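>>> task: produce atomic coordinates for the following.
(chains A and B)
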Amino acid sequence: MLNTPKVLEAIGISLHVSFVSTLFAFFLSIFFGYLIATRKFFLKKYIVSFLGSLTSIPPVCAGLIVYLIISRSGPLGWMELLYTPLAMIIAQFIIIFPIMITLIINYIEREYPQLKDELISYGASQKDILFLLITNQKGIYLTTLLIGFGRAISEYGAAAIVGGSIDHVTRNMTAMIALETAKGNILIGVILGAILISISLIISFGINYFKNDD
Amino acid sequence: MMINLKNIQFQISAKTILKDINLNIQMGKTTVIMGKNGSGKSTLLKLLNQIIKPSSGLFESILSKPVPMLFQKPLMFQNSVNYNYQILQKIKKHQINHFWFEKFDLLSLSNQKMNSLSEGEKQKIFISRIMSFDQSQLFLDEPNQSLDLQSEKLLIDLLINEKNKKTIIITLHDFEIAKKIGDYFIYLENGQILLQDSYENFFKKFCY
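Next up, the predicted model:
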């Protein structure tokens, strides 16, 4: 039987966790992406390559790494983060941050040299240059945001390992789909699956819209 | 003398872009830099405007900092013509005039999106944006690119009008336009000055 409050709760948990992890990853990607892309320093090439290779990290491995760090016997075990929404946020952050920062570094490295040269001739400050880098192609940033959010909300493995699929606390949409389908409650699985697909389609539509707008 | 260059070299990642550049830019004169694609014209213009620093050599300029310059691929924002025209003016916080914007008849395009315009229309906006600052030094990198004949003629007329009041340093491919506006000419090849001289001498030597 369909338990509407539980379904809504799972949707709420998914949206909340993915939204926070995406926003956190987005702002850090802009900050560090700008620093990395606009400066020349030792090891830069290796850091960019490392971040690029992290984009393909299997989510379940990211979950495992976070699990090992925050489990009771791990270095951050004393913080008691395991099986909390915050643990899911951290795991999702580890998955999406490399993707988002790589997209932003690529964009800034392409745009910055020309933008900087011309803006210097206008006497622009670093703050002006950053502001215009962001506002010049808002679509790039919105696309990055949507790609991160899409990846975070549809991810199962990592969130399941560190979240534990605890009812009312960490049971998000993907965890509920897996659980209810395993229990034979196909209807709930299908409804949640349809909602997840709808969210993914809306995100894809958004990405294409902003791409065309640019 | 406005700018003096002695034995200037400019390198990027061990690649020499400009070498043995010796040059005097005279105040109140129009200096035309010519040469094939990739000869170093844009780099020399950026160097003269202090946007890039030479790798070695002596550089002297009466300008303490760069002035707004027309680039070959100017900054274009995904927004309206008005936004593109005004955004850099807001950064510069300088007294502006709309003479060129009106002369190029761009008022009717003010609210249009930049990416809906032709390359020539965009170029007229970029030129007007630079000219709105009313500065006494002009650094222009191929300002006539993408312009139709009528707009090109207007550009030449307006530059001829400006040249008595300003120091102009301009890169061009078109010799006919260069002859109309230039006082001093530089021809670059593979990052080196092959020939530089005043109008009569330059074209006398260049023909041979």
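
>>> going forward, measure contacts between C-alpha atoms and count neighbours the same way
Noted.

>>> can you list the buried residues in stretch A:80-87?
Residues of stretch A:80-87 classed as buried by neighbour count (16 or more other CA atoms under 10 Å in any protein chain shown): A:81-87.

>>> C-terminal to the longest helix along chain A, what's the next element?
If you go by DSSP state H, chain A has its longest helix at helix A:85-121. Under the assignment DSSP states H and E, the closest C-terminal helix or strand after helix A:85-121 is helix A:126-136.

>>> and the spatially most central residue of chain B, what does it touch?
Geometric centre of chain B, nearest residue: residue B:140, 1.1 Å, by CA atoms, centre = their mean. Contacts of residue B:140 were listed using CA atoms under 8 Å, 6 or more residues apart in numbering or on different chains, and they are B:69-71, B:168-171.

>>> one more: residue B:193?
B:20-21, B:186-187.

>>> partner residues bridging it?
residue B:188 (DSSP bridges).

>>> that one and residue B:163, how far apart?
24 Å (CA to CA, to the nearest Å).

>>> equivalent analysis for residue A:134, please.
For residue A:134 relative to residue B:163 (CA to CA), the value is 37 Å.

>>> who's more crowded, these two?
Using other CA atoms under 10 Å in any protein chain shown as the criterion, residue A:134 and residue B:163 rank with residue B:163 on top: 19 against 15.

>>> kindly state the pLDDT recorded for the closest residue to the more buried one other than its chain neighbours?
Leaving out its chain neighbours, the residue that sits closest to residue B:163 by CA to CA, 6 or more residues apart in numbering or on different chains is residue B:30, at 6.5 Å. pLDDT recorded at residue B:30 is 96.

>>> just confirm residue B:30 contacts residue B:181, I think it does.
Yes: Residue B:30 lies in contact with residue B:181 (CA atoms under 8 Å); the separation is 6.9 Å.

>>> what sits in contact with each of these two?
residue B:163.

>>> who's more crowded, those two?
The neighbour count for residue B:30 versus residue B:181, taken as other CA under 10 Å, is higher for residue B:30 (26 against 22).

>>> out of the buried residues of stretch A:80-87, which comes closest to chain B?
Closest approach between those and chain B, by CA to the nearest CA: residue A:86, at 37.7 Å.

>>> run a quick neighbour tally on the spatially closest residue to the closest one that is not a sequence neighbour.
Nearest residue to residue A:86 in three dimensions, chain neighbours excluded: residue A:17, at 7.7 Å (CA to CA, 6+ apart). Neighbours of residue A:17 under the rule other CA under 10 Å: 24.
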